[in-house]
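Visitor: My questions are about this predicted structure, shown below with the sequence.
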Amino acid sequence: MLTPILDSSASMPLYEQLYRHIRGEIESGRLAAGERLPSKRALAAHLKISVVTVEGAYNQLLAEGYLRSQPKRGFFVQAAEAAPARTSSAPLPPPEEPARPAFRYNFSTSAVDTALFPFATWAKLMREVLSQQEDTLLNTPHPQGVPELREAIAAHLYRFRGIQADPAQIVVGAGSEVLTSLLVQLLGREGRYGVENPGYTKTHRILGSCGVQVEPIPLDNQGLMVDELDRHKVQVVHVTPSHHFPLGIIMPVTRRQALLRWASRQPGRYILEDDYDSEFRFSGRPIPALQSLDSMERVIYLNTFAKSLAPSLRISYMVLPPHLVERWRREFWFYSSTVPSFEQYALARFMDRGHFERHLNRTRTRYKARREALLAAARDTGLTQVGSFEGGDAGLHLLLWMDKRWNEGELAARAAEVGVGVSPLSICDLTPPPAHRPPALILGYTRVAAEDMAPALSLLKSAWGF
């Protein structure tokens, strides 16, 4: 339905305002040739104007050839040449997306194997939601996310991460960007925020865009160096203790306890525990989440379904300590849920019926086979004679440390020339790396099939000449 903004107080008559609007829509192509216009009575009722006003506009458009009339059918747009663009107000060209190189073998860490997604099961559940929950589907969802999904997440966290969280503590959001931005509002912008260095640089950019001062905190072989937090006067710190990205470090319990002691020494200190790929542990006993060790309500737990299901779902969540839930509901209750309830209900059923656990078992087995194929291909090609892998016990990527005679940028560039995508470790540095650090490359293995590991590394051998 046409909805021009008509001004009854203007000197130009209403019929002429309507005529000019429709003519502009036709000339710009927004009303296509052959498109049917609303009837005079329907448009008059929609715009709350008289039928005579609409009739005057339509008659003028008929006279100028912009419309044609068909008895008992109505008014239709007549084909016309587009008006020349006005130089003073020419529309801006659409923004160009950054070019993404096409690799034959892509060891990127930014995606998962979408072929493993359980499309048939997901489609069935979505049909169920449409047919069985039509009374609630279109209602405004709970600001923290639909209760069914939060209950399913709480049950999953207890079974697999040892986290005892009430569903009332869980907030569902459309990706870590949304939740991190909301946390900055909740915790305040006055204190400094610490992030791991090297680390996931997107977190640094998100926090910086929220207007807080961000401090890169160095790591040692046990993870984030807790003593550096006081030196940098940090109030809130973001960490990935279960599997650091990109170094692959699993923070030992002694370092976790030291981090908790740091948080407890002053009021207002908080730890943002990002457990982004904790579902993918391939050996050893499960490492308890930092949140499960917290007795002082200083840890905010963050996780996402981007790695376990698909990034495009845009479903993440956080677990707030009880005292922060009270503040959230007092100060942020006006925020609407940022995830459509349709997807939330489908995911809740997916988890409740055991599909999520079975999917994780399948993908974990598949990804473990790819990791082992990558390591075997490295041995067979001789790559392990000039480099060594770390971080293979968990997560979905490996870090390849190379001999110091190599240059990270040159290695990545040569790999790209032969159709293999790898990332230098330096892309994760927030400050210049230590001079003694050897070159390293990040290899995610979710998008390369097990049988393709040997051909991919053979290409690297030819490109790098080892």
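Guide: Cool, got the structure. Numbering: from 1, shown residues only.
Visitor: From now on I want contacts and neighbour counts done on CA atoms only, so please keep to that.
Guide: OK.
Visitor: what comes up buried for the longest helix along the chain?
Guide: Ranked by residue count, the top helix of the chain under DSSP state H comes out as helix 355-381. For helix 355-381, burial by neighbour count (16 or more other C-alpha atoms under 10 Å) applies to 355-356, 359, 363-364, 367-371, 373-378, 381.
Visitor: And the following helix or strand past that helix, what does it pack against?
Guide: Moving toward the C-terminus from helix 355-381, the next helix or strand (DSSP states H and E) is strand 387-390. Using 3 or more C-alpha pairs under 8 Å, 6 or more residues apart in numbering; DSSP states H and E as the contact test, the elements touching strand 387-390 are strand 397-402.
Visitor: For the helix or strand just after the strand it packs on, what is the distance to the chain centroid?
Guide: Toward the C-terminal end, the helix or strand that comes next after strand 397-402 (DSSP H and E) is helix 408-417. Remark: helix 408-417 is offset 28 Å from the chain centroid, using C-alpha atoms, centre = their mean, to the nearest Å.
Visitor: Show me which parts of helix 408-417 are buried, residue by residue.
Guide: Glu408, Gly409, Leu411, Ala412, Ala413, Arg414, Ala415, Ala416.
Visitor: Parallel or antiparallel, which strands does the helix or strand following that helix pair with?
Guide: Where DSSP H and E defines the elements, the next helix or strand beyond helix 408-417 is strand 420-421. Paired strands of strand 420-421, with direction, are strand 105-106 (parallel) (DSSP bridges).
Visitor: and the strand it pairs with, how far from the chain's centre?
Guide: Its chain's C-alpha centre and that of strand 105-106 lie 22 Å apart, by C-alpha atoms, centre = their mean.
Visitor: Kindly report the same for stretch 215-234.
Guide: Using C-alpha atoms, centre = their mean, the offset of stretch 215-234 from its chain centre is 27 Å.
Visitor: start to end distance for that stretch?
Guide: Counting by C-alpha to C-alpha, to the nearest Å, you get 7 Å between the two ends of stretch 215-234.
Visitor: which residues sit against that stretch?
Guide: 191-198, 239, 241, 244, 249-252, 255, 258-259, 262, 430-431 (C-alpha atoms under 8 Å, 6 or more residues apart in numbering).
Visitor: Would you mind giving the domain segments of the chain?
Guide: For the chain, automatic domain parsing gives the domain ranges 14-89, 105-111+358-464, 117-353.
Visitor: Spit out the contact partners of Tyr367.
Guide: Tyr367 makes contact with Leu396, Tyr445, Thr446 under the criterion C-alpha under 8 Å, 6+ apart.
Visitor: Tell me how many other residues surround the closest residue to Arg371 other than its chain neighbours.
Guide: Spatial nearest neighbour of Arg371, excluding adjacent residues (C-alpha to C-alpha, 6 or more residues apart in numbering): Tyr445 at 6.6 Å. Tyr445 is flanked by 28 other residues according to other C-alpha atoms under 10 Å.
Visitor: Might one say that Tyr445 is in contact with His397?
Guide: Yes: with contact defined as C-alpha atoms under 8 Å, Tyr445 counts as touching His397 (5.9 Å).
Visitor: any residues in contact with both of the two?
Guide: In contact with both Tyr445 and His397: Thr109, using C-alpha under 8 Å, 6+ apart.
Visitor: Now do the one helix or strand Ile26 maps to: which elements does it pack against?
Guide: Per DSSP H and E, Ile26 falls inside helix 14-28. If contacts are counted by 3+ C-alpha pairs under 8 Å, 6+ apart, helix 14-28 sits against helix 51-63.
Visitor: next one: the helix it packs on to chain centre, how far?
Guide: Worked out by C-alpha atoms, centre = their mean, helix 51-63 lies 50 Å from the chain centre.
Visitor: list the buried ones in that helix?
Guide: For helix 51-63, the neighbour count (16+ other C-alpha under 10 Å) marks Val51, Thr53, Val54, Glu55, Gly56, Ala57, Tyr58, Asn59, Gln60, Leu61, Leu62 as buried.
Visitor: from the buried residues of helix 408-417, which single one is nearest His46?
Guide: Of all these, Ala416 has the smallest distance to His46: 58.4 Å, by C-alpha to C-alpha.
Visitor: Next, count neighbours for the closest residue to the closest one other than its chain neighbours.
Guide: Closest residue to Ala416 apart from its sequence neighbours, by C-alpha to C-alpha, 6+ apart: Phe103 at 7.2 Å. Neighbour count for Phe103, taken as other C-alpha under 10 Å: 16.
Visitor: residue contacts, the residue nearest the centre of the chain?
Guide: For the chain, the residue sitting closest to the mean C-alpha position, by C-alpha atoms, centre = their mean, is Gly175 at 4.4 Å. Counting by C-alpha under 8 Å, 6+ apart, Gly175 touches Thr304, Arg314, Ile315, Ser316, Tyr317.
Visitor: any idea which of these is least confident?
Guide: Minimum pLDDT across the contacts of Gly175 is recorded for Arg314, with 92.
Visitor: hang on, the earlier thing: can you list the buried residues of helix 51-63 in CSV and add pLDDT and distance to Pro288?
Guide: CSV is the format used below for the buried residues of helix 51-63 (pLDDT from 0 to 100; distance: C-alpha to C-alpha, whole Å):
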residue, pLDDT, distance to Pro288
Val51, 92, 71
Thr53, 92, 72
Val54, 91, 70
Glu55, 92, 73
Gly56, 91, 75
Ala57, 91, 72
Tyr58, 91, 72
Asn59, 90, 75
Gln60, 91, 75
Leu61, 89, 72
Leu62, 89, 75
